[in-house]
Structure formats: C-alpha cells, structure tokens
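[1] Have a look at this prediction, sequence included:
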Amino acid sequence: MTEHPSPSKLGLTDAELAVHPTVFANDVLKDQVIVVSGGAGGIGRAIAWLFARLGAHVAVVGRDGSKLDALVAQLAERHLKASAHVADIREPDAVNLLFDAIWAAQGRVDSLVNSAGGQFPQPAIDFSVKGWNAVINTNLNGTWYMMQAAAQHWRNHKHPGSIVNIVVVTTHGLYGIAHTIAARSGVIGLSRAVAVEWAPLNIRVNCVAPGAIETEGWNVYTPEARAAYPRSNPMMRVGSPWEVAEATAFLAGPSAKFITGETLTVDGGGQLWGETWTTGKPAYFGGDDK
Ligand SMILES: CCCCCCCCC/C=C/C(=O)SCCNC(=O)CCNC(=O)[C@H](O)C(C)(C)COP(=O)(O)OP(=O)(O)OC[C@H]1O[C@@H](n2cnc3c(N)ncnc32)[C@H](O)[C@@H]1OP(=O)(O)O
Ligand SMILES: NC(=O)C1=CN([C@@H]2O[C@H](COP(=O)(O)OP(=O)(O)OC[C@H]3O[C@@H](n4cnc5c(N)ncnc54)[C@H](OP(=O)(O)O)[C@@H]3O)[C@@H](O)[C@H]2O)C=CC1
C-alpha cells in the first residue's frame, strides 16, 4: 500500500482524547461492555476513549497487538476500563473466538462498534481483482462476520444489544473509492435488513457515515488530496474523530433506544455541497490532473 505520511500529526492524541469535553453525562454507559473494532485507529480510538470515559469497559480489536496494548495502558493510567484483543475481522473463526473470549472475561457485551475498515484511492477502471477483494473483504465481509457473531452471542445469552457500523457517505460519487462505496452501501443495506430481523431479539443496528475526518488513516491519500478535504463540505473544515465518537455514543446507547436501521451522516453538510477528489481533480472536471 502506498503511504504519504504527514509531517505533522493527524487527528487527536490520547492526551487530548482523555480531556476533550463531551456532551454526555459521565456515567451514561456505566457497567456496559462495548466492543470496538479498529479501536486503536483514529476514529475507533476516539470512540474507545469516549465510551470508557462514560463508564464502559471497552474491548478494543485490531490486528496490531502493540497498538492495542499501548492504548489500553493509556486508558488504564486514567483508571478507565479496557482490554486488547488481536483479531482479523476477515477471519470468521477468529471473530467467533473473539466474542467467546470477551463474554467469558466480562460476562456481557452491550454494544458493538465496527470501526475497522479502510480502502486505497484509485480510479475504479484500474482496480485489480486482489485490490477489489481486499476492500470488499475488509469492509463488507469483515463487518458482517462481526455483526453476526455479536448477534448470535446476544441470542444465546438472551441479552439485548446494539450495533453501530462506521461507514462512508455513499450518496455521492466519491471519486477514487468506488470499491468502498460498494462495500459500505452493502453494509447500510444489510443494517436496514437485520434491524428488522433482529428487532425480536432486542438488537438495534445503525450506521454512522463520516465525511472527511482527520486521522492517521489519511496517510494513504496524497498531501494534495488531503489539503482539499476542507472544501468537501459547506463548513469548509474537516471533522474531528470526537465528532464521530459522540454521534456513535448517541446511537449505541440509551439515547437512541427507539432508533434502528438508521444512518446518521456526520459530514458537515458534505452530502449537500462540496467536492471530494481522493486521487486529485481530473482536467475534465476543471482540475489539473490529466
Ligand atoms: C460527501 C462527503 C465527503 C466525504 C469525504 C470523504 C473523504 C474520504 C476519506 C476516507 C478516508 C478514510 O476512510 S481514511 C481511514 C481508513 N483507513 C485506511 O483507509 C487505511 C488504509 N487502508 C487499508 O488498510 C485497507 O483496509 C486496505 C487497503 C484494504 C488494506 O488491506 P490489506 O492489508 O489486505 O491490503 P494490502 O495487502 O495492503 O493490499 C491488498 C491489495 O490491495 C491493492 N492495493 C492496496 N493499496 C493500493 C494502492 N495504494 N493502489 C492500488 N492498489 C492498492 C493491491 O492490489 C494490494 O495487493 P498487492 O498489489 O499484492 O500489494
Ligand atoms: N477518516 C476518515 O476521513 C473517514 C473514515 N471512514 C471510515 O471510518 C473507519 C475508521 O477510520 P479511521 O479511524 O480514520 O481509520 P484508521 O485507518 O485510523 O483505523 C482503522 C483501523 O481498522 C483496523 N483494521 C483494518 N483492517 C482490519 C482487519 N482486517 N481486522 C481488524 N482490524 C482492522 C486497523 O487496525 P490494525 O492495523 O491494528 O488492524 C486500524 O486501526 C474506517 O472504516 C474508515 O474507512 C469513513 C469516512 C471518512
């Protein structure tokens, strides 16, 4: 994967996340257990901090154990509850074992947040089969394995639950990321379908669709593409992972107990106005790229 590292930091640090003001009451998720895939990434990390600060135990999931352990240590330093779990969401057996382990250790799971995901920017006409499959496997299949394993455990334990899938705004033709638009449209459709099927099990399923949110995940985009992201919405700025975390807490927790099958867009109005060119603006559309 091509990386374009930023000379300065992207997103919020643990020290910032530990003290960032929140609109939620401190104990609103007291005693709950929340599983956050991609929990050591930019958005997942903000979700982990917010949910832990609201009283939950957060089980953070990813492939890189050292990133997860470092985050759990930071949370523990502030007397917040968390555990690190290495798993590849594309491996259904590993995903099932993950939920077995968290239930065994914590005795409950209340919410699942699927923030693991990503893509690379490339015009769709040039996608390789391997590249297409990598994005579909991660974002559609991986998210589904996590959703199904969570729901099966809730059914077996006769326990209510809620799922929030972090997706991408799919209403635009977002140039250069057609594979992810396909995968995320699948997740949104899937969420609407199982919101109905799983209502009898007392399981709610919703999505959050972020616009341009500054995180380390942006290193796959060129500095020129990143520099244009503030113009992707009428607020003329990029979003913060904390803004996605608060929307996620709203949907995951009791504030949304009558909401299911919904997608909450957190994009500064980017659905209504703005331009997003993840691979540069082609000459055809008035830009410099050939
Ligand atoms: C309206 C509102 C406005 C909204 C405005 C919205 C702005 C959009 C911003 C969205 C931002 C984000 O989501 S940023 C945050 C998300 N984070 C990321 O995207 C992080 C990077 N992405 C990932 O890690 C991805 O999960 C993924 C690319 C699938 C990597 O998975 P894997 O580890 O399996 O993949 P790799 O082994 O690296 O690569 C597998 C194959 O994929 C292809 N591949 C990988 N990188 C490639 C590249 N740069 N160019 C071409 N092809 C590539 C190759 O075929 C690779 O095989 P080989 O050829 O054999 O190597
Ligand atoms: N930032 C943005 O502008 C936007 C982001 N999004 C979406 O929001 C989600 C979070 O994004 P963000 O936090 O910025 O991205 P990051 O790249 O910072 O974090 C994504 C995390 O997902 C984990 N992950 C990736 N693949 C797997 C896998 N197969 N199994 C387990 N974990 C995996 C990675 O951890 P590890 O390497 O340890 O596995 C990583 O920490 C993604 O789905 C992203 O596409 C949507 C719109 C805009």
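    It's in. Residues are numbered from 1 along each chain as shown. Ligands and ions are numbered 1, 2, ... in the order given.

[2] Contact partners for Asn26?
    Residues near Asn26 by Cβ atoms under 8 Å, 6 or more residues apart in numbering: Arg53, Leu54, Gly55. Quick note: C-beta positions are derived from backbone N, CA and C, even for glycine.

[3] Just the residues you listed: which are in helices?
    Arg53 (DSSP state H).

[4] List only buried entries from the contacts of Asn26.
    Burial by neighbour count, judged by 16 or more other Cβ atoms under 10 Å, picks out Arg53, Leu54, Gly55 from those.

[5] Let me have those in TSV, extended by distance to ligand 2.
    Conversion of the buried ones among the contacts of Asn26 to TSV gives the following (distance: Cβ to the nearest ligand atom, whole Å):
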residue	distance to ligand 2
Arg53	18
Leu54	19
Gly55	23
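
[6] ok, so of those, who is nearest ligand 1?
    Here the nearest of the buried ones among the contacts of Asn26 to ligand 1, counting by Cβ to the nearest ligand atom, is Arg53; it sits at 23.0 Å.

[7] Local confidence estimate at the closest one?
    Note on Arg53: pLDDT of 98.

[8] thinking it is in contact with Thr22, fair?
    Yes: the criterion here is Cβ atoms under 8 Å, and Arg53 meets it with Thr22 at 6.9 Å.

[9] Can you name the residues that contact Gly239?
    Shown in contact with Gly239 (Cβ under 8 Å, 6+ apart): Pro210, Gly211, Ala212, Ile213, Glu214, Val266, Asp267, Gly268.

[10] Which members of those residues occur in strands, if any?
    Pro210, Val266 (DSSP state E).

[11] mind checking the end-to-end distance for stretch 229-241?
    One end of stretch 229-241 to the other measures 15 Å (Cα to Cα, to the nearest Å).

[12] Give the buried residues for it.
    Per 16+ other Cβ under 10 Å, stretch 229-241 contains these buried residues: Tyr229, Arg231, Ser232, Asn233, Val238, Gly239, Ser240, Pro241.

[13] Please apply the same query to stretch 132-152.
    Quick answer for stretch 132-152 (16+ other Cβ under 10 Å): 132, 134-136, 138-151.

[14] tell me the secondary structure for Val35?
    Recorded secondary structure, Val35: strand (DSSP: H, G, I helix; E, B strand; the rest coil).

[15] Quick check: it touching His57?
    No: if you go by Cβ under 8 Å, Val35 and His57 don't touch, sitting 9.8 Å apart.

[16] of those two, who's got more company?
    More crowded of Val35 and His57, by other Cβ atoms under 10 Å: Val35, with 27 against 23.

[17] Which strand residues bridge the more buried one?
    On the basis of DSSP bridges, Val35 is bridged to Ala59, Leu112.

[18] Contact partners for the nearest residue to Leu98 once chain neighbours are set aside?
    Closest residue to Leu98 apart from its sequence neighbours, by Cβ to Cβ, 6 or more residues apart in numbering: Ala87 at 4.5 Å. Ala87 makes contact with Val61, Gly62, Arg63, Ala94, Val95, Leu97, Leu98 under the criterion Cβ under 8 Å, 6+ apart.

[19] With ligand 1 as the reference, measure out to Ala87.
    As judged by Cβ to the nearest ligand atom, to the nearest Å, Ala87 and ligand 1 stand 14 Å apart.
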